[in-house]
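Fold the following.
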Amino acid sequence: MDYLENTKKEIYFGDIFMIPLFLPFEQFEDLIDYKKYRFRKDDIYAFGRLIDIDMGNCKLIEVFSYVGKIPDTPEIILRSGRMFAPVFVVGAFQKSRWRFLFGNPNYDKYRDSDYENIMFWYPAMPRIWKGGRDIGLTRQQLDELIKAGVKSTIIHGGSNIEAKIRTLLAEQGLELDYEKIVEERKNEYPKPRDTDKKLKQTIAPFRWVVENGEYSLILDAGLINQAFFEKNNLLGNGYDWEKAALAFMEENRIDSKAFRFDCEADTFSMQSSKKKALKEFALAFHEFSTDTAAFDALLREVKE
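Now for the predicted structure:
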């Protein structure tokens, strides 16, 4: 099987890039590094062109109608016309999810992409972005542009653009068997970077779990400080650890309203939807739990 070799390193306006259509949809795609991923030459790709960089370093791109294998030259791509109006994207190129293929040294964004007439409206104010300029409008003028189909300044991730392309192709009758192919290749895709790796190592034997936007701090009862619980006539189960955590919060004036407890006899467990708050508590409570004298003193207060 042939794979796509490393592509061009220096990027210029007008360069042509490929858009893979068989990668997993990722909400946090910037956590996955595709630099070493071996894209297949015989896959079907969409293709785009870099028009400009604006809106806080976001890339303004246009996507072409040609969809297929990677051609030897870009002419068939350029002749196909746009699939939809230009859009702003962020993150798609950073970790090589999308790769540049062809240069375009004679590119002129005004001539080749009608840059002067590319428009977006700002949701929070009666203004538009047009050809790199911010222009004020009356409310009526803006309403007329919106009715005419001018899009708002939404900044898209690569996954969102890929999904949009697959949807448009399906409407045209081109089914890609996306779910089937992604499932077949699931073991070859790179894995997301664990941004909490250092935290997990620091707070061990406490465990840090993330699931469906919820963060949990968990400890199996009996792993640490069991002797101090017994010394203070406590069982050292999950419920006793909850008492210790609440006492620690009260002593350090930590607002307990940000947290929920779901302890069992064999497990201490607390949750929060606020990552920063639970992370700060986890680090502080872990450090406190390793200070045996301070922990023993707290348990005496819990017992009383």
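
Same question for stretch 17-26: list its buried residues.
17, 18, 19, 20, 21, 22, 23, 26 (16 or more other Cβ atoms under 10 Å). Yep, even glycine has a C-beta here, placed from its N, CA and C like the rest.

Out of those, which sit inside strands?
The strands, defined by DSSP state E, take in 17, 18, 19, 20 from the buried residues of stretch 17-26.

I'd like these laid out as CSV, including distance to residue 39 and pLDDT.
Output for those, formatted as CSV (distance: Cβ to Cβ, whole Å; pLDDT from 0 to 100):
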residue, distance to residue 39, pLDDT
17, 12, 95
18, 8, 96
19, 11, 97
20, 6, 96
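
mind putting the buried residues of stretch 17-26 in TSV, distance to residue 302 included?
Converted to TSV, these look like this (distance: Cβ to Cβ, whole Å):
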residue	distance to residue 302
17	60
18	61
19	58
20	56
21	58
22	56
23	51
26	44
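
Just give me the neighbour total for residue 48.
Neighbour count for residue 48, taken as other Cβ atoms under 10 Å: 26.

ok, it - contacts?
16, 17, 19, 61, 62, 63, 64, 98 (Cβ atoms under 8 Å, 6 or more residues apart in numbering).

change it to 10 Å
Residues in contact with residue 48 (Cβ atoms under 10 Å, 6 or more residues apart in numbering) are 15-19, 59, 61-64, 77, 82-83, 86-87, 89, 92, 98, 100, 161, 165.

ok, what's across the strand from it?
residue 17, residue 63 (DSSP bridges).

measure it to residue 129 for me?
19 Å (Cβ to Cβ, to the nearest Å).

before we move on, what about residue 97?
From residue 97 over to residue 129 the distance is 25 Å, taken as Cβ to Cβ.

One more: residue 31?
Taken as Cβ to Cβ, the span from residue 31 to residue 129 is 29 Å.

more crowded one of the two?
residue 129 (19 against 15).

Excluding covalently adjacent residues, which one is nearest to that one?
Excluding the flanking residues, the one nearest residue 129 by Cβ to Cβ, 6 or more residues apart in numbering is residue 120, at 4.6 Å.
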